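# Here you go, sequence then predicted model.
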Amino acid sequence: MTTFIELGVDQDMVDALAEQGIIDAFPIQEQTIPLALTGQDIIGQAKTGTGKTFGFGLPLLQRIGASPEPGVQALIVVPTRELAVQVTEDLQLAAKNRDATVVSIYGGKAYEGQIEQLKAGAQIVVGTPGRLLDLANQRLLSLAHVREMVLDEADKMLDLGFLADIEKLFSLTPPIRHTMLFSATMPGTIVTLARRFMSNPIHIRATDPDEGLAQANIEHIVYRAHSLDKDEVIGRILMAEGRGKTVIFMRTKRAAAKLTEELTDRGFNAAAVHGDLNQEQRERAMASFKAGKKDILIATDVAARGIDVDDVTHVINHTVPDDEKTYLHRVGRTGRAGRTGIAVTFVDWDDLHKWALINKALDFGVPEPVETYSSSPHLFEDLKIPEGAKGRLKATPVKERPAAARGANDRGSRGGSRSGAREGAREERSGEGGQARRRTRDANPQGRGRHEVHSHEQHGHDAEGGGEPGAPLVTEGEAPRRRRRRRRGGSGGGEAGTGAPASGAPAAESAAPSEAPAA
């Protein structure tokens, strides 16, 4: 192993890394750092998790100096918000003993804080293309003095349609600069981009530091599972011996929110990262997972980019990935830094063809996953689950679940985006049961002769007009606790005990929710 001091990295950064137990360099760092320190343009071919952030970050920090002049001198462009946060944290760690400020610039957060940091003279900017261009167009971000530029995960940026934005960002920087481009694959578009905007780049192809070892470090377990039994299977897996931090990959935002609710109800410490959460909520969930306050992270593929946690013991694919690249990206969250890991994949009957392609591409030798249920003896044996484990740390009846546990955050009711709230409302109205939930208290304030059905999420507040959020709900088939009593000898009067007039009364709220007869 080669140490960072042997690669020519300044002592103050070596000391900052050593405090975190980072002493030896990975292969991509060994090859990249000495060249980058000289100002050589580099095309680095390396996938996520190989240590490329320090491969470009340490030379970048060293080249702009320990006390750089105020103003943006280094620009790092990344495809996703999560990756922007991760890269920023790594560079801030390395620059701990320097007078250099690293800031994140990305959408989903308020402009004010980012603008203030730029005005304060931040020298290193890590950002996503959209927000970077937005601030540049408003003349709030100047790239005229950029000396160091990095494109990280360039192939992913092209997949997301950022090519035009990247070209525009290049045009806003000086023609003479030090440029580094990193990509897991090298499609023709990347090569063309490099030829246009780089000067005699050297192509470095680095394998994963544990690429051969990584597969040996990860135990791959594949089950043919029934969709209605998956929650039970997952609950039991989460009680396996030696189970530490666990990442569960879901196909949709809705499925991620539902599983988070289910596992929380079972007593597990689960957090979610998906597109219906606003950026602050996603960052809070990721931070709690990294800190160990939550030991289960439920994520969709897009939101999961940027999960860089070394001590993940288990990865669970709730549904089979679309291809072998996605599979490797997911399971690569475990078995990192020389540790061992377990990857469990559920294959639905309808997805057997997808698994067949992954199995062939990765040569797993498991063409027919074994049919598995939560009661299957081999499940307990394969994953070292204690006999008799029921996959539940506490028992909470469904009707007693608080409304917040049903995923209020993912519908944007408090702090979420408006679009997330609208989508959440639509999903709630057309959810798996196909029925809206019924209110249980005073849902009929105007004395109407039928039970009301509301979708209170649609209005972003309690449907009763001023009631506390999270009022008790009952599921379809349960009787409301309060019923209207018929008066003798007359048409429908007010509800018993409310004093509401039978007719001609003003509306209880200025904008009452739409009504529908009970099913």
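Right, received. Where do you want to start?
# so when I look at residue 224, I'm seeing a strand, right?
Yes. Under DSSP: H, G, I helix; E, B strand; the rest coil, residue 224 falls within a strand.
# count of neighbours near residue 77?
By other Cβ atoms under 10 Å, 25 other residues sit near residue 77. In short, each C-beta sits where N, CA and C put it, glycine included.
# and if you look at residue 205?
11.
# Which residues are in contact with it?
Shown in contact with residue 205 (Cβ atoms under 8 Å, 6 or more residues apart in numbering): 45, 46.
# Helix or strand, whichever it is, which one in this protein has the lowest mean pLDDT?
strand 438-439 (a mean of 36; mean pLDDT, DSSP states H and E).
# Look up how far residue 240 lies from residue 138.
52 Å (Cβ to Cβ, to the nearest Å).
# Show me the shaky parts of the chain.
Within the chain, the ranges that satisfy pLDDT under 70 run 47-49, 207-216, 302-306, 337-338, 394-519.
# in the stretch 301-450 of the chain, which spans are helices?
Secondary structure of the stretch 301-450 of the chain (DSSP state H, counting those that start in this stretch): helices at 301-304, 324-331, 352-362, 377-382, 418-429.
# now the angle from the third one to helix 324-331?
If you take axes from the mean of the first three to the mean of the last three Cα atoms, to 10 degrees, helix 352-362 sits at 80 degrees to helix 324-331.
# Quick one: list the elements packing against helix 352-362.
Judged by 3 or more Cβ pairs under 8 Å, 6 or more residues apart in numbering; DSSP states H and E, the packing partners of helix 352-362 are helix 324-331, strand 341-347.
# Do a quick rundown of the helices in the stretch 1-150 of the chain.
Going by DSSP H, counting those that start in this stretch, the stretch 1-150 of the chain shows helices at 11-18, 27-37, 52-64, 81-94, 111-119, 129-137.
# Which of these sits closest to residue 4?
Among those, the nearest to residue 4 by Cβ to Cβ is helix 11-18 (4.9 Å).
# starting at the chain centroid, how far to the closest one?
30 Å (Cα atoms, centre = their mean, to the nearest Å).
# now for that helix, which elements pack on it?
Counting by 3+ Cβ pairs under 8 Å, 6+ apart, helix 11-18 packs on helix 52-64, helix 81-94.
# Rebuild the helices of the stretch 1-150 of the chain as TSV, extending it with distance to residue 174 and mean neighbour count.
Below are the helices of the stretch 1-150 of the chain laid out as TSV (distance: least, Cβ to Cβ, whole Å; neighbours: other Cβ atoms under 10 Å):
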stretch	distance to residue 174	mean neighbour count
helix 11-18	26	16
helix 27-37	18	22
helix 52-64	14	25
helix 81-94	21	22
helix 111-119	18	14
helix 129-137	14	18
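# can you tell which of those helices is closest to residue 345?
Taking these one by one with Cβ to Cβ, helix 81-94 is closest: 22.8 Å.
# Now do that closest one: which elements does it pack against?
Looks like helix 81-94 contacts helix 11-18, helix 52-64, strand 102-105, strand 124-127, helix 279-291 (3+ Cβ pairs under 8 Å, 6+ apart).
# ok, back up a step: neighbour count: residue 138 and residue 240, which is higher?
Using other Cβ under 10 Å as the criterion, residue 138 and residue 240 rank with residue 240 on top: 20 against 10.
# Give the full set of residues in contact with the nearest residue to that one once chain neighbours are set aside.
Residue nearest to residue 240 in three dimensions, not counting chain neighbours: residue 383, with 4.5 Å by Cβ to Cβ, 6 or more residues apart in numbering. Residues in contact with residue 383 (Cβ under 8 Å, 6+ apart) are 221, 236, 237, 240, 342, 344.
# you'd agree residue 193 is up against residue 186?
No. Applying Cβ atoms under 8 Å, one finds residue 193 not in contact with residue 186, separated by 10.5 Å.
# In terms of neighbours, single out the busier of the two.
Taking neighbours as other Cβ under 10 Å, residue 193 and residue 186 compare with residue 193 leading, 22 against 16.
# Now do the contacts for that one.
Residue 193 touches 154, 163, 166, 167, 181, counting by Cβ under 8 Å, 6+ apart.
# what residues does the strand or helix carrying the third one touch?
Put plainly, it is residue 166. Using DSSP states H and E, residue 166 sits in helix 163-171. Contact with helix 163-171 is made by 75, 77, 129-130, 132-133, 136, 143, 149, 151, 154, 157, 189, 193, 196-197, as judged by Cβ under 8 Å, 6+ apart.
# And residue 161, how far from residue 368?
For residue 161 relative to residue 368 (Cβ to Cβ), the value is 38 Å.
# Residue 32 too?
In terms of Cβ to Cβ, residue 32 sits 43 Å off from residue 368.
# Kindly report the same for residue 352.
8 Å.
# hey, what's in contact with both of these two?
Common neighbours of residue 352 and residue 368 (Cβ under 8 Å, 6+ apart) are residue 224.
# Tell me which of those two has more neighbours.
Neighbours were counted for residue 352 and for residue 368 using other Cβ under 10 Å; residue 352 has more, 15 against 12.
# residues touching the more buried one, list them.
224, 369.
# Repeat the analysis, applying 10 Å as the threshold.
224, 320, 359, 367, 368, 369 (Cβ atoms under 10 Å, 6 or more residues apart in numbering).
# Please apply the same query to residue 340.
With Cβ under 10 Å, 6+ apart, residue 340 has these contacts: 216, 217, 218, 219, 242, 313, 334.
# so how far is residue 314 from it?
Counting by Cβ to Cβ - residue 340 and residue 314 are separated by 11 Å.
# With residue 383 instead?
Counting by Cβ to Cβ, the gap from residue 383 to residue 314 is 9 Å.
# Report the set of residues contacting both of these two.
Joint contacts of residue 383 and residue 314 (Cβ under 10 Å, 6+ apart) are 219, 221, 237, 238, 240, 242, 243, 342, 344.
# leaving aside the residues next to it on the chain, what's closest to the first one?
Nearest residue to residue 219 in three dimensions, chain neighbours excluded: residue 342, at 4.9 Å (Cβ to Cβ, 6+ apart).
# Touching, the one you found and residue 243? I think so.
Yes. Using Cβ atoms under 10 Å, residue 342 is in contact with residue 243, at 8.5 Å.
# Between these two, which contacts overlap?
237, 313, 314, 383, 384.
# is it true that residue 220 lies in a helix?
No. Under three-state DSSP, residue 220 falls outside any helix and is assigned strand.
# Am I right that residue 181 is in a strand?
Yes. Judged by three-state DSSP, residue 181 forms part of a strand.
# does it really touch residue 44, like I thought?
Yes. At 7.1 Å, residue 181 and residue 44 qualify as touching, with contact defined as Cβ under 10 Å.
# anything in contact with each of the two?
What both residue 181 and residue 44 touch, as defined by Cβ under 10 Å, 6+ apart, is the set 56, 150, 152, 154, 201, 203.
# what's the spacing between the third one and residue 90?
In this view, residue 152 and residue 90 are 11 Å apart by Cβ to Cβ.
# Please apply the same query to residue 135.
23 Å.
# Let's have the helices and strands packed on helix 81-94 in TSV, adding distance to residue 114.
Shown next, in TSV, are the helices and strands packed on helix 81-94 (distance: least, Cβ to Cβ, whole Å):
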stretch	distance to residue 114
helix 11-18	25
helix 52-64	20
strand 102-105	5
strand 124-127	9
helix 279-291	12
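# Figure out which of those is closest to residue 258.
helix 279-291 (15.8 Å).
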